[in-house]
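K.L.:
Quick one: sequence and predicted model below, then my questions.
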Amino acid sequence: QKEVEQDPGPLSVPEGAIVSLNCTYSNSAFQYFMWYRQYSRKGPELLMYTYSSGNKEDGRFTAQVDKSSKYISLFIRDSQPSDSATYLCAMSAGYGGATNKLIFGTGTLLAVQP
Amino acid sequence: DTAVSQTPKYLVTQMGNDKSIKCEQNLGHDTMYWYKQDSKKFLKIMFSYNNKELIINETVPNRFSPKSPDKAHLNLHINSLELGDSAVYFCASSQDQRTGGRTEAFFGQGTRLTVV
(Lines give C-alpha, C1' and ligand atoms only; values in the text may rest on other atoms or scores of the structure.)
Protein backbone atom coordinates (compact mmCIF):
# COMPACT_ATOMS: atom_id res chain seq x y z
CA GLN A 1 0.00 0.00 0.00
CA LYS A 2 1.34 3.42 -0.96
CA GLU A 3 1.80 6.04 1.76
CA VAL A 4 -0.39 8.46 -0.22
CA GLU A 5 -3.33 7.37 -2.35
CA GLN A 6 -4.94 9.54 -5.00
CA ASP A 7 -7.54 8.70 -7.63
CA PRO A 8 -5.74 9.08 -10.98
CA GLY A 9 -8.90 10.01 -12.88
CA PRO A 10 -9.25 11.27 -15.51
CA LEU A 11 -11.90 13.63 -14.24
CA SER A 12 -13.90 15.55 -16.85
CA VAL A 13 -16.20 18.40 -15.80
CA PRO A 14 -18.04 21.22 -17.61
CA GLU A 15 -16.80 24.78 -17.26
CA GLY A 16 -18.16 26.42 -14.11
CA ALA A 17 -18.45 23.18 -12.14
CA ILE A 18 -17.10 22.68 -8.63
CA VAL A 19 -14.26 20.18 -8.64
CA SER A 20 -13.31 18.04 -5.67
CA LEU A 21 -9.92 16.31 -5.58
CA ASN A 22 -8.90 14.04 -2.72
CA CYS A 23 -6.01 12.14 -1.19
CA THR A 24 -5.76 9.72 1.69
CA TYR A 25 -2.60 8.85 3.56
CA SER A 26 -1.37 6.35 6.10
CA ASN A 27 1.52 8.07 7.92
CA SER A 28 0.19 9.91 10.99
CA ALA A 29 3.47 11.86 11.21
CA PHE A 30 2.55 13.98 8.17
CA GLN A 31 1.75 17.54 9.21
CA TYR A 32 2.49 19.62 6.11
CA PHE A 33 0.13 19.22 3.15
CA MET A 34 0.43 20.68 -0.33
CA TRP A 35 -1.34 20.68 -3.65
CA TYR A 36 0.62 21.10 -6.85
CA ARG A 37 -0.68 21.70 -10.36
CA GLN A 38 1.24 20.31 -13.30
CA TYR A 39 0.50 21.28 -16.88
CA SER A 40 1.57 18.92 -19.64
CA ARG A 41 5.35 18.93 -20.12
CA LYS A 42 5.87 21.45 -17.32
CA GLY A 43 7.14 21.24 -13.77
CA PRO A 44 4.77 21.03 -10.78
CA GLU A 45 3.80 24.45 -9.40
CA LEU A 46 2.66 24.96 -5.82
CA LEU A 47 -1.03 25.84 -5.47
CA MET A 48 -1.81 25.47 -1.79
CA TYR A 49 0.17 24.88 1.40
CA THR A 50 -1.47 23.86 4.69
CA TYR A 51 -0.08 23.04 8.09
CA SER A 52 -2.00 20.53 10.21
CA SER A 53 -5.81 20.26 10.11
CA GLY A 54 -8.15 22.95 8.87
CA ASN A 55 -9.19 24.90 5.79
CA LYS A 56 -7.32 27.37 3.65
CA GLU A 57 -8.83 29.45 0.87
CA ASP A 58 -7.07 31.25 -1.98
CA GLY A 59 -9.32 32.69 -4.66
CA ARG A 60 -11.23 29.86 -6.32
CA PHE A 61 -9.20 27.21 -4.48
CA THR A 62 -9.90 25.75 -1.03
CA ALA A 63 -7.72 23.16 0.66
CA GLN A 64 -9.04 21.04 3.53
CA VAL A 65 -7.09 18.77 5.84
CA ASP A 66 -8.68 16.27 8.23
CA LYS A 67 -5.81 14.63 10.13
CA SER A 68 -8.16 12.45 12.19
CA SER A 69 -9.37 10.78 8.99
CA LYS A 70 -6.02 11.12 7.20
CA TYR A 71 -7.83 12.79 4.31
CA ILE A 72 -7.10 15.96 2.35
CA SER A 73 -9.12 17.71 -0.32
CA LEU A 74 -8.79 20.46 -2.88
CA PHE A 75 -11.90 22.24 -4.12
CA ILE A 76 -11.92 24.35 -7.26
CA ARG A 77 -14.90 26.67 -7.67
CA ASP A 78 -16.09 28.02 -11.02
CA SER A 79 -13.66 25.75 -12.86
CA GLN A 80 -12.12 27.09 -16.07
CA PRO A 81 -10.60 25.33 -19.09
CA SER A 82 -7.26 26.76 -17.95
CA ASP A 83 -7.57 24.60 -14.81
CA SER A 84 -7.12 21.50 -16.98
CA ALA A 85 -3.96 19.87 -15.64
CA THR A 86 -2.74 17.09 -13.36
CA TYR A 87 -3.19 17.86 -9.67
CA LEU A 88 -0.74 16.27 -7.25
CA CYS A 89 -1.13 16.13 -3.51
CA ALA A 90 2.07 16.06 -1.45
CA MET A 91 2.84 15.85 2.22
CA SER A 92 5.70 15.61 4.67
CA ALA A 93 6.42 15.18 8.36
CA GLY A 94 8.69 18.22 8.46
CA TYR A 95 10.80 17.46 11.52
CA GLY A 96 14.04 18.10 9.68
CA GLY A 97 16.41 16.09 7.53
CA ALA A 98 14.93 13.08 5.76
CA THR A 99 11.48 13.61 7.32
CA ASN A 100 11.11 16.72 5.21
CA LYS A 101 10.97 14.85 1.91
CA LEU A 102 7.73 15.31 0.05
CA ILE A 103 5.65 12.19 -0.55
CA PHE A 104 3.43 12.62 -3.58
CA GLY A 105 0.16 11.09 -4.64
CA THR A 106 -0.03 9.71 -8.16
CA GLY A 107 -1.90 12.78 -9.44
CA THR A 108 -5.42 13.32 -10.79
CA LEU A 109 -5.81 14.39 -14.40
CA LEU A 110 -8.53 17.05 -14.66
CA ALA A 111 -10.15 18.21 -17.90
CA VAL A 112 -12.53 21.19 -17.81
CA GLN A 113 -14.68 21.25 -20.92
CA PRO A 114 -15.68 24.70 -22.34
CA ASP B 1 14.03 35.27 -14.12
CA THR B 2 13.48 31.52 -13.82
CA ALA B 3 13.63 30.48 -10.16
CA VAL B 4 14.77 26.87 -10.69
CA SER B 5 16.31 26.14 -14.05
CA GLN B 6 17.68 22.88 -15.34
CA THR B 7 19.46 21.87 -18.51
CA PRO B 8 19.02 20.23 -20.87
CA LYS B 9 15.25 20.17 -21.30
CA TYR B 10 15.39 17.08 -23.52
CA LEU B 11 18.01 14.37 -23.62
CA VAL B 12 17.99 11.40 -26.00
CA THR B 13 20.87 8.99 -25.66
CA GLN B 14 21.86 5.41 -26.24
CA MET B 15 22.07 2.67 -23.65
CA GLY B 16 25.41 2.52 -21.92
CA ASN B 17 26.21 6.21 -22.29
CA ASP B 18 26.97 8.59 -19.41
CA LYS B 19 25.06 11.85 -19.16
CA SER B 20 24.67 14.81 -16.79
CA ILE B 21 21.81 17.13 -15.93
CA LYS B 22 22.47 20.52 -14.35
CA CYS B 23 20.29 22.58 -12.04
CA GLU B 24 20.53 26.10 -10.65
CA GLN B 25 18.23 28.02 -8.32
CA ASN B 26 18.17 31.75 -7.62
CA LEU B 27 15.69 31.66 -4.74
CA GLY B 28 18.35 31.76 -2.04
CA HIS B 29 17.26 28.34 -0.77
CA ASP B 30 19.58 26.06 1.15
CA THR B 31 18.06 22.73 0.13
CA MET B 32 17.90 21.20 -3.34
CA TYR B 33 16.41 17.94 -4.60
CA TRP B 34 16.26 15.56 -7.51
CA TYR B 35 12.91 13.89 -8.20
CA LYS B 36 12.08 11.29 -10.84
CA GLN B 37 8.66 11.22 -12.53
CA ASP B 38 7.77 8.00 -14.31
CA SER B 39 5.45 7.49 -17.26
CA LYS B 40 2.45 7.32 -14.89
CA LYS B 41 3.26 10.77 -13.51
CA PHE B 42 4.40 9.40 -10.14
CA LEU B 43 6.99 11.73 -8.53
CA LYS B 44 9.56 10.15 -6.25
CA ILE B 45 12.44 11.76 -4.46
CA MET B 46 15.95 10.56 -5.29
CA PHE B 47 18.34 12.87 -3.45
CA SER B 48 18.40 15.98 -1.32
CA TYR B 49 21.29 18.31 -0.49
CA ASN B 50 21.38 21.01 2.14
CA ASN B 51 24.13 23.56 1.62
CA LYS B 52 26.26 21.01 -0.23
CA GLU B 53 25.62 18.24 2.32
CA LEU B 54 23.74 15.08 1.25
CA ILE B 55 20.75 14.65 3.58
CA ILE B 56 18.46 12.33 1.64
CA ASN B 57 19.65 9.40 -0.44
CA GLU B 58 16.77 7.14 -1.42
CA THR B 59 17.20 3.65 -2.80
CA VAL B 60 18.66 4.66 -6.13
CA PRO B 61 21.18 2.65 -8.22
CA ASN B 62 24.70 3.91 -7.59
CA ARG B 63 24.94 4.68 -11.31
CA PHE B 64 23.23 7.92 -10.24
CA SER B 65 25.55 10.36 -8.52
CA PRO B 66 24.51 13.84 -7.42
CA LYS B 67 26.99 16.64 -6.92
CA SER B 68 26.46 20.03 -5.33
CA PRO B 69 29.32 22.49 -5.95
CA ASP B 70 27.51 25.18 -3.95
CA LYS B 71 24.07 25.65 -2.42
CA ALA B 72 22.64 27.17 -5.59
CA HIS B 73 23.65 24.31 -7.87
CA LEU B 74 22.88 20.61 -7.94
CA ASN B 75 23.90 18.31 -10.76
CA LEU B 76 23.00 14.71 -11.51
CA HIS B 77 25.37 12.40 -13.32
CA ILE B 78 24.13 9.06 -14.62
CA ASN B 79 26.53 6.32 -15.68
CA SER B 80 25.82 3.38 -17.99
CA LEU B 81 22.31 4.49 -18.88
CA GLU B 82 19.61 1.82 -19.10
CA LEU B 83 16.24 1.76 -20.86
CA GLY B 84 14.50 1.89 -17.47
CA ASP B 85 16.14 5.24 -16.70
CA SER B 86 13.85 6.91 -19.23
CA ALA B 87 11.75 9.39 -17.24
CA VAL B 88 11.42 13.08 -16.48
CA TYR B 89 13.91 14.28 -13.87
CA PHE B 90 12.96 17.33 -11.84
CA CYS B 91 15.20 19.53 -9.78
CA ALA B 92 13.58 21.39 -6.89
CA SER B 93 14.60 23.65 -4.02
CA SER B 94 13.20 24.69 -0.66
CA GLN B 95 14.13 26.51 2.52
CA ASP B 96 16.62 24.96 4.93
CA GLN B 97 15.36 21.48 5.73
CA ARG B 98 17.83 20.44 8.38
CA THR B 99 15.72 21.54 11.33
CA GLY B 100 12.16 21.32 10.05
CA GLY B 101 9.48 23.86 9.20
CA ARG B 102 7.92 24.82 5.89
CA THR B 103 8.64 22.07 3.42
CA GLU B 104 7.16 23.21 0.12
CA ALA B 105 9.46 22.70 -2.82
CA PHE B 106 9.73 24.76 -5.99
CA PHE B 107 10.33 22.77 -9.14
CA GLY B 108 12.21 23.30 -12.37
CA GLN B 109 10.73 22.52 -15.77
CA GLY B 110 12.17 19.02 -15.91
CA THR B 111 14.59 17.11 -18.12
CA ARG B 112 12.91 14.50 -20.29
CA LEU B 113 15.43 11.68 -20.61
CA THR B 114 14.89 9.04 -23.28
CA VAL B 115 17.27 6.08 -23.44
CA VAL B 116 17.18 4.16 -26.72
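P.N.:
Okay, I see it.
K.L.:
Tell me what residue B:20 is bridged to.
P.N.:
Beta-bridge partners recorded for residue B:20 (DSSP bridges): residue B:77.
K.L.:
how much space is there between residue B:42 and residue A:98?
P.N.:
Using Cβ to Cβ, to the nearest Å, one gets 19 Å for the distance from residue B:42 to residue A:98. Just so you know, the C-beta spots here come from the backbone N, C-alpha and C atoms, and that holds for glycine as well.
K.L.:
Ok, residue B:104 next?
P.N.:
Applying Cβ to Cβ, the value for residue B:104 to residue A:98 is 17 Å.
K.L.:
Could you do residue B:67 as well?
P.N.:
Going from residue B:67 to residue A:98 by Cβ to Cβ gives 19 Å.
K.L.:
Same question for residue B:20.
P.N.:
Distance from residue B:20 to residue A:98, by Cβ to Cβ: 25 Å.
K.L.:
what number of residues lie near residue 54?
P.N.:
Picking chain A for this. 12 (other Cβ atoms under 10 Å in any protein chain shown).
K.L.:
Chain B is the one I meant
P.N.:
Counted with other Cβ under 10 Å, residues neighbouring residue B:54 total 12.
K.L.:
Quick one: residues contacting it.
P.N.:
B:47, B:48, B:66, B:68 (Cβ atoms under 8 Å, 6 or more residues apart in numbering or on different chains).
K.L.:
redo that, cut-off 10 Å
P.N.:
B:47, B:48, B:66, B:67, B:68 (Cβ atoms under 10 Å, 6 or more residues apart in numbering or on different chains).
K.L.:
For my notes, confirm it occurs in a strand.
P.N.:
Yes. Using DSSP: H, G, I helix; E, B strand; the rest coil, the assignment for residue B:54 is a strand.
K.L.:
and it, what are its bridge partners?
P.N.:
residue B:49.
K.L.:
same check, this time on residue A:66
P.N.:
For residue A:66, the beta-bridge partners are residue A:71 (DSSP bridges).
K.L.:
my guess is it contacts residue A:72, does it?
P.N.:
Yes. Counting by Cβ atoms under 10 Å, residue A:66 does reach residue A:72; the two are 7.3 Å apart.
K.L.:
Give the residues shared as contacts by those two.
P.N.:
Common neighbours of residue A:66 and residue A:72 (Cβ under 10 Å, 6+ apart) are A:24, A:53.
K.L.:
Neighbour count for the two, which is higher?
P.N.:
More neighbours surround residue A:72 than the other of residue A:66 and residue A:72, with 28 against 13 (other Cβ under 10 Å).
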